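1. Here is a sequence together with a model predicted from it:
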Amino acid sequence: MRSDLEKLKDEFLDAVKDVSDSLKLEELRVEYLGRKGKLSNIMKQLPEIAEGARKEMGQFANEIKTSIESSFSAAEQSLREREAHGKSENEWIDITAPGQAPEIGHMHLTSQAIEEVDELFSRLGFVRVRHPEVEWDWYAFESLNMPKTHPARDEWETFFMADGDKVLEGKKGKVVLTPHTSNGQAREMERGRIPIRMININKCYRRQSDVTHAPMFHQFEGLMIDEKVTIAELRGVLDFFAQNFFGPERKTRLRPHHFRFTEPSFEIDITCEVCGGVGKIEEIKCRMCKEGWLELGGAGMVHPNVIKAGGLDPEKYSGFAFGWGVERTMMMKSGLNIDDIRILYRNDLRFLKQF
Ligand code: FA5
C-alpha cells in the first residue's frame, strides 16, 4: 500500500504540471481525490493491513492526501493568475469613447400630484400630516359617527386584517386597511393643537376595481377646526385649489350628498377633462364620466359627534373637512387624458416614462 500511495503522488504531480485550464484541473481532482477516485481506491486496502502497522499506514496515507491537495491548490492558484494576466493583455478599454449614462428615473405621476397638492394647501397654511394606513375600526368608522352596526358602513367595502381565520381586534376595534383619509380627523383633534389646518395625504384601500376605481389609491383630506368656522371658508378653500390645480377655465360644482361625519355634506364634481365636459366623444358616451362631470371627492361641515369623538367641545369649535382622490383629481388635469385609473399601477414603463 505504501508504494501504491507513493506512486499515486508522483503520478499526480506529473499530471498536474501539464494542466492548462481549470476544467481539466477539476477533472484531475475528481480522478485522484474524488469519492470514487484513485486515493479512495487505495484506502480500501487499509483494513487488510495488520493491526499494529495500520495506524502508521493511515497516517502516511493522510500525509500523501495533504501533499496532493496542496499541489492541487498551488496549481489552481497559478492557473487563476495566468488566466487573469491573459485577460488583461487581450482586453482593453477606449477611455476616449463616450460613456453610457445610467438611466435616471423620475417621480411617479401620483407622487408628483401629491407634491403639488401639498404645495398648494401649504400656501393656505395647511400642514401636511400622515395618519396610519393600517387603522383601528374606531378611527376609520366609529369616531366618524358610524356605530358598529350602522348600514352606512356597507358602502366602504373594507379590507379587515386577519391572522389566519382570526380577524385582528384590539381595544379600539378591528384592524382595517383604512378606506379613506378621514381616519385622520379624530386623530388630529386628539393632538389638541387648535386651530387645526391639516392636510392628510395617504394610501387608502377598497374592494373595487374598474376604470375609475383602484383597490389601492390615495386621498388628501383637509380638516380645519377653530372657533366659528363657516361654510363660506370651505368654498373659498376649494375654489382656490380648483383654480390653481386645474386652471380657471374648468368648472366645479357642489352637489348635496350625505356623509355620516359631515352636516351638511357635499360631493364636488369637475367638468371632465377626457370629453371636455360634454359627456360624449363623437356621439359615444364618455368612458370616464358618462355625463360631463366627474366626482372628485366629498366635503362638508364636521358633524358635532365627530368633534366630540376627537375630544373637543362642539359648542365651542366647528370646522370643515374634505376628502378627494389624488388619482382622480390628477386624471382630470388638462393634457393628461388618462381614461383608466388602473394604468397608473400597472408598472408599464412605456406609460410612466411619458410624464
Ligand atoms: C370619502 O372617502 C369621504 N371620506 C370623503 C369626505 C371627507 C367627505 C371629509 C366629507 C368630509 P368617497 O367614498 O366619496 O368619500 O371618496 C372620496 C373620493 O375618493 C372619491 O370621490 C374618489 O375621488 C376617490 N376614490 C374613492 N374610491 C376610490 C377608488 N377605489 N379608486 C380611486 N379613487 C377612489
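-> Thanks, I have the structure now.

2. Now Lys17: phi and psi?
-> phi -60, psi -40 (degrees, to the nearest 10).

3. what residues does this structure put near the ligand?
-> Taking Cβ under 6 Å from any ligand atom as the measure of proximity, the chain contacts the ligand at 180, 182, 206, 208, 213-214, 217, 219, 221, 259, 262, 265, 295-300, 321-325, 327-328, 341. For every residue, glycine as well, the C-beta is placed using N, CA and C.

4. So which of these are in helices?
-> Among the residues of the chain next to the ligand, the members found in helices (DSSP state H) are 327-328.

5. Drop anything exposed from the residues of the chain next to the ligand.
-> Among these, the ones that count as buried by 16 or more other Cβ atoms under 10 Å are 180, 182, 206, 213-214, 217, 219, 221, 259, 262, 265, 295-300, 321-325, 327-328, 341.

6. For stretch 158-171, which outside residues touch it?
-> With contacts defined as Cβ atoms under 8 Å, 6 or more residues apart in numbering, stretch 158-171 is touched by 134, 136, 140, 174-177, 179, 205-207.

7. Buried residues of the longest helix along the chain, list them for me.
-> For the chain, the longest helix by residue count, based on DSSP H, is helix 51-90. Along helix 51-90, these residues count as buried under the neighbour rule (16+ other Cβ under 10 Å): 57, 61, 64-65, 68, 71-72, 75-76, 79.

8. what element comes up after it heading to the C-terminus?
-> Beyond helix 51-90 in the direction of the C-terminus, DSSP states H and E gives the next helix or strand as helix 109-122.

9. so the residue nearest to Ala299 when sequence neighbours are not counted bridges to which residues?
-> For Ala299, the nearest residue in space outside its immediate sequence neighbours is Phe322; the separation is 3.5 Å by Cβ to Cβ, 6 or more residues apart in numbering. According to DSSP bridges, the partner residues bridging Phe322 are Gly222, Ala299.

10. Quick check, Phe322 in contact with Val302.
-> No - using Cβ atoms under 8 Å, Phe322 and Val302 do not qualify as a contacting pair, with a distance of 10.4 Å.

11. With the ligand as the reference, measure out to Tyr317.
-> Here the criterion is Cβ to the nearest ligand atom, to the nearest Å. By it, Tyr317 lies 16 Å from the ligand.

12. Count the neighbours of that residue for me.
-> In terms of burial, Tyr317 registers 20 neighbours under the definition other Cβ atoms under 10 Å.

13. again with Trp92
-> Using other Cβ under 10 Å as the criterion, the residues surrounding Trp92 number 7.

14. same check, this time on Cys286
-> 19.

15. Next, it: phi, psi?
-> Dihedral angles for Cys286 - degrees, to the nearest 10 - are phi -60, psi 130.

16. pretty sure Met288 is in a strand, no?
-> No - inclusion of Met288 in a strand is not indicated when DSSP: H, G, I helix; E, B strand; the rest coil is applied; the result is coil.

17. With adjacent residues omitted, what lies nearest to it?
-> Met288 sits nearest to Val274 (Cβ to Cβ, 6+ apart), 4.3 Å away.

18. pLDDT at the one you found, what is it?
-> Listed pLDDT for Val274 reads 81.

19. Please save the CA atoms from stretch 232-247 in CSV.
-> The C-alpha coordinates for stretch 232-247 follow below in CSV (Å, rounded to 0.1, in the frame of the first residue of the first chain):
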residue,chain,number,x,y,z
ALA,A,232,-68.0,80.2,3.2
GLU,A,233,-64.4,79.3,4.2
LEU,A,234,-64.9,75.8,2.9
ARG,A,235,-66.0,77.1,-0.5
GLY,A,236,-63.1,79.6,-0.6
VAL,A,237,-60.5,76.9,0.1
LEU,A,238,-62.0,74.5,-2.5
ASP,A,239,-62.2,77.2,-5.2
PHE,A,240,-58.6,78.3,-4.5
PHE,A,241,-57.5,74.7,-5.0
ALA,A,242,-59.6,74.0,-8.1
GLN,A,243,-58.5,77.2,-9.9
ASN,A,244,-54.8,76.7,-9.1
PHE,A,245,-54.7,73.0,-9.9
PHE,A,246,-57.0,72.7,-12.9
GLY,A,247,-56.9,76.2,-14.4
